[in-house]
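Visitor: return atomic coordinates for the entry below.
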Amino acid sequence: MMKRYVFESGRLGFRELKKEDYKHIYEMNSDPEVMKYFPETMTVEQSNGYISKIIDHQQSYGYSKFAVELKDSGEFIGIIGLVKITFDSDIQGEAEIGWRLLKKYWHKGYATEGAEAILIGYF
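Guide: I've put the predicted structure just below:
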């Protein structure tokens, strides 16, 4: 049976988040290297709140971050998508692209491929 994705790139499938993703997202959010450019790593509760914000963002704006899998294996590798900038800034209200990948999937071109697919998928 073929997986159904919202959209795909060459190696990646993009889908809505599901409950099974929570442990993987927490693994990313609690990794000091993954979170190097964020204020801090996240607890389980903070990570689950982050996921709720992603889901709420999708419902509010019609776009958000997607769970990303390797199409050939179905492995969850991270999240990639667009979010509306809500903090006080000159670009408040604009959309920004973001990604967060499990460390073992770094340096394989997935973030670049995923970012390109998000732009094509949305525009």
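Visitor: going by C-alpha atoms from here, please, whenever you check contacts or count neighbours.
Guide: OK.
Visitor: and the helix or strand hosting residue 98, average pLDDT?
Guide: Using DSSP states H and E, residue 98 falls within strand 95-101. Mean pLDDT, strand 95-101: 94.
Visitor: start the count at 3, not 1, going forward
Guide: Understood, numbering begins at 3; the last thing we discussed is strand 97-103.
Visitor: between the very next helix or strand once past that strand and strand 97-103, how many degrees?
Guide: Per DSSP H and E, the first helix or strand lying C-terminal to strand 97-103 is helix 112-124. Helix 112-124 and strand 97-103 are oriented at 140 degrees to each other (axes from the mean of the first three to the mean of the last three C-alpha atoms, to 10 degrees).
Visitor: residues in contact with helix 112-124?
Guide: Outside helix 112-124, the residues that touch it by C-alpha atoms under 8 Å, 6 or more residues apart in numbering are 9-11, 14, 82-84, 99-101, 103.
Visitor: widest-spaced pair of those residues?
Guide: Within those, 9 and 103 form the most distant pair, 18.2 Å apart (C-alpha to C-alpha).
Visitor: just after the lengthiest helix in the chain, pick out the following helix or strand.
Guide: Criterion DSSP state H: the longest helix present in the chain is helix 46-63. Proceeding N to C from helix 46-63, the next assigned helix or strand is strand 67-72, under DSSP H and E.
Visitor: quick one: which helix or strand includes the most centrally placed residue in the chain?
Guide: The chain has residue 81 as the residue nearest its centroid, 1.9 Å off, counting by C-alpha atoms, centre = their mean. Element membership of residue 81 [criterion: DSSP H and E] is strand 78-86.
Visitor: may I see the buried residues of the longest helix of the chain?
Guide: For helix 46-63, burial by neighbour count (16 or more other C-alpha atoms under 10 Å) applies to 46, 49-50, 52-53, 56-57, 59-60.
Visitor: now swap in stretch 8-25 and tell me
Guide: 10-11, 14-17, 19, 23.
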